[in-house]
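1. no letters, just coordinates:
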């Protein structure tokens, strides 16, 4: 009869050689195995199984794609690029493969989907598994969708923030009691105040080692824009050295492994064009806390087509931010600002950089809205540090900007990061004009951002657009509304098709 | 200067030859393209772009995986198996490729995530896009997670049901006014009443063209179990012919394209081990309505470890089912049943089939719980048809079963579907024994189902388990609790490791 097995062992390792498949599957590792491989046959692996791969002390969990036998030599498993990278191996090396352990934390994701509150340890268990690359993109999407739509309460957001901080490095600034920071929750194209404000407040002696993210759902993040102006990819030691010399930096946070799980979440959020409130607060604050910040201003733009649409929503978000910040040891000042129209003229990394330079250089045609908002936010940071009142601090900030001190400080920062770059020019441009006379009575931030993204921003830094008309301004038929920049004809066509087929981006009303 | 482009066109087609990559990526189509291909370069495609592929009147949307140049010949794009299949092409054929259109319905998924109610047309737009294979698995996961946890109201479930029906074929039964059907919402291992009940009620003259699904999160669905007994993969015309001859069938619903979008959703639900209420109601009723059913009983087992845990929850679900059914033109009778322990002895396709045969053949060791429940459900269907009262109908059903009429009818159905199959035997078996004397005071349905799944059910039909101890029975140390069946050592080890490491499946209390 059939043998009765008495003993079980979880670790049934199969040793195979690997071959680099040369396939970019993004951050989700894929292992390709022959249908007839002894591994598949003895373990009963089927398509979409999750497997653990180990080699020389590195390990990861990968999704199985079963391949026809002629694709791979016998005894080999193929790996996607990210798997080759994460295991730090090369073709011909061997890996051990076995069934991936069950992810018990997935039942906690279901618990959240079903509307139950998650405890601190439950959230930590989910985030630890995501951080260990144990979740498929599909499972991350489920977690994010279950948490979005205000489904995390303050306790859960605090837990999420702490769990995210614990998964990465944490900066310390010996000798400095107060470290300043700033964040804008986004949703307002062109609102690129950070480089200006950092230059102003660090001129006044505040320590502001600014780490920024790349765009999530927008055509550019501060890191994308700064990347066109200077090197933003600094190592931790370089940042420490810089801050000692210039009191500030303007770097990409992803390069220093602060809250690295955030990057895994953001990639899926981006695919879903999703940016949930609790997740956003945890994402923002985990980066700030990991960066060692003690004081920060949070810019919350409100407008009909901004990320936050009503004053009421903005106030709730501000109060949530403040509560979570306090529980996690960071003092916040939330500033609710006008989000009715884009700030500045440029949208997309390079075009936003042009606006920043013109404000810092006090050029006469510099966008006044970007200048005023940068001064206001800088003044609030100065006030958090000095408690002189915001009005006095606005005068102080204005003096620093108008005297050229801020521009000199920006140049000093850029030099310390590797020098100022020359801004590139896009290969294709198209001028879109008004189809009638009238007054611009509304600009749809979301659709405008979408046009810039479809043109290639932020992947192509020079892609995006430059506004030629502003809210409230009269235009005549045939007058330019904006110039669209892209690096390929296809993207230009794609962006313009969206612009023309999806409702008005610019509403042109009757001239009064 | 740079040329100003005046005209836009959405359709920038690139024609390439295809090569079959021989990679099984499940239902999500993947297209593999060289980094240096003119298509990638001119269109600015980047990893994870979504592309439309067209060939000979077929089209689909695929995810781009960029590959190193040596992987593919110049001028070729690689396709995964599902993409080759859906486009109905072979290596060397040409396809047209361009950027996939924007999925506006994704903004509706976000609307749902943010807790807003979706209109009938909004739900239809999401389901139409999913049905057209336009959603990535990540986007489907987001939609399912946003809808699970009772987040769809009755109107939305009605809309979802109708939208799902409209995406597939719809059966009609000319000459029959009433078509009967049955469904169990699941969660109770071994609860395989359908084949027995269909044999009984069709013996009594009811028309019951039963289409069943395969397992979603369970170790076996009725279609999985029937597949071990006879051919379940019938075409529409064959079903029509069968029902004319035998008044019944027991086939797999997926083979006849009833509510095909349900299969796309179920695949992702399975990966997430998720089965949301609204989604479940729509899934069940869309299949029933598409099958042309007018009357159905819904079996809702309630138990601490069943899918539905409390009487209150069960009543809410029953009322929701009835409301949605009425709105969609199907009369339902929801029956809340005992879900405290598995039904029958077998769990997994083949082991459940053994139980069915022993009940139909009135064997003395047949599982009495399975027999009683099948009679109860059959009687309720008979009562819906005849309005004689359930008690009378139970007598009628018992007479049909005990006289051998039901078994003869089952054989007639199996013969019409292609003949009775011989049940296979699993390669590996293991007997798990009690570690102490006592009484079985609880059996954890969920963990037991998980053990059977890890052993390979339902993918390997003979995998699963057979209970040797029942709830409330005394056991002695060393006495068999169950036999585990699997087709590989790895799966047996995996299932047993889970059984031993994840809390008690059998609770053995003090003998009283």
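-> Right, received. Where do you want to start? Computed from a prediction, not measured in an experiment: that's the story for all the values here.

2. ok, and for the strand ranked longest in chain A, which residues are buried?
-> The longest strand of chain A (DSSP state E) is strand A:58-67. Using 16 or more other Cβ atoms under 10 Å in any protein chain shown as the test for burial, strand A:58-67 gives A:60, A:61, A:62, A:63, A:64, A:65, A:66, A:67. Using the backbone N, CA and C atoms, a C-beta is placed for each residue, glycine as well.

3. cool, and stretch A:455-468?
-> A:455-458, A:460-468.

4. centre of the chain to it, how far?
-> Counting by Cα atoms, centre = their mean, to the nearest Å, stretch A:455-468 is centred 17 Å from the centre of its parent chain.

5. likewise stretch A:356-364?
-> So, by Cα atoms, centre = their mean, the centroid of stretch A:356-364 is 26 Å from its chain's centroid.

6. what's in contact with that stretch?
-> A:192, A:195-196, A:199, A:225, A:229, A:365-367, A:370-371, A:374, A:401-402, A:404, A:406-407, A:410 (Cβ atoms under 8 Å, 6 or more residues apart in numbering or on different chains).

7. okay, domains of chain A per the record?
-> Domain segmentation of chain A under automatic domain parsing yields A:14-99, A:180-253+A:284-417, A:428-509.

8. nearest approach to residue B:418 belongs to which of those domains?
-> Residue B:418 lies closest to domain A:14-99 among the domains of chain A, at 25.4 Å (Cβ to Cβ).

9. show me what from the stretch 401-512 of chain A comes close to chain B.
-> Proximity of the stretch 401-512 of chain A to chain B, by Cβ under 8 Å from any Cβ of the partner chain, involves residues A:425-431, A:456, A:459-460, A:486-494, A:496-498, A:500, A:502.

10. in strands only, show me the residues you listed.
-> Going by DSSP E, the strands hold A:428, A:429, A:430, A:431, A:486 from these.

11. isn't the third one right up against residue A:494?
-> Right, residue A:430. No: contact between residue A:430 and residue A:494 fails when scored by Cβ atoms under 8 Å: they sit 11.9 Å apart.

12. which stretches of the stretch 1-150 of chain A form strands?
-> For the stretch 1-150 of chain A, the strands defined by DSSP state E, counting those that start in this stretch cover A:14-20, A:30-34, A:50-55, A:58-67, A:76-79, A:94-99.

13. in a markdown table: the ones you listed, plus distance to chain B and mean pLDDT.
-> Formatted as a markdown table, those follow (distance: least, Cβ to the nearest Cβ, whole Å; pLDDT from 0 to 100):
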| stretch | distance to chain B | mean pLDDT |
| --- | --- | --- |
| strand A:14-20 | 8 | 89 |
| strand A:30-34 | 6 | 91 |
| strand A:50-55 | 10 | 89 |
| strand A:58-67 | 5 | 88 |
| strand A:76-79 | 9 | 92 |
| strand A:94-99 | 5 | 88 |
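
14. mind giving me JSON lines with these and columns for distance to residue B:359?
-> Formatted as JSON lines, these follow (distance: least, Cβ to Cβ, whole Å):
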{"stretch": "strand A:14-20", "distance to residue B:359": "42"}
{"stretch": "strand A:30-34", "distance to residue B:359": "41"}
{"stretch": "strand A:50-55", "distance to residue B:359": "38"}
{"stretch": "strand A:58-67", "distance to residue B:359": "38"}
{"stretch": "strand A:76-79", "distance to residue B:359": "46"}
{"stretch": "strand A:94-99", "distance to residue B:359": "35"}
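
15. closest to residue A:240 out of these?
-> With Cβ to Cβ as the yardstick, what comes closest out of the strands of the stretch 1-150 of chain A is strand A:58-67 (28.2 Å).

16. could you tell me the angle between the closest one and strand A:50-55?
-> Using axes from the mean of the first three to the mean of the last three Cα atoms, to 10 degrees, the direction of strand A:58-67 lies 130 degrees away from that of strand A:50-55.

17. among the residues of the stretch 401-512 of chain A next to chain B, which lie within helices?
-> If you go by DSSP state H, these have A:489, A:490, A:491, A:492, A:493, A:494, A:496, A:497, A:498, A:500 in helices.

18. fine by me, we can end here.
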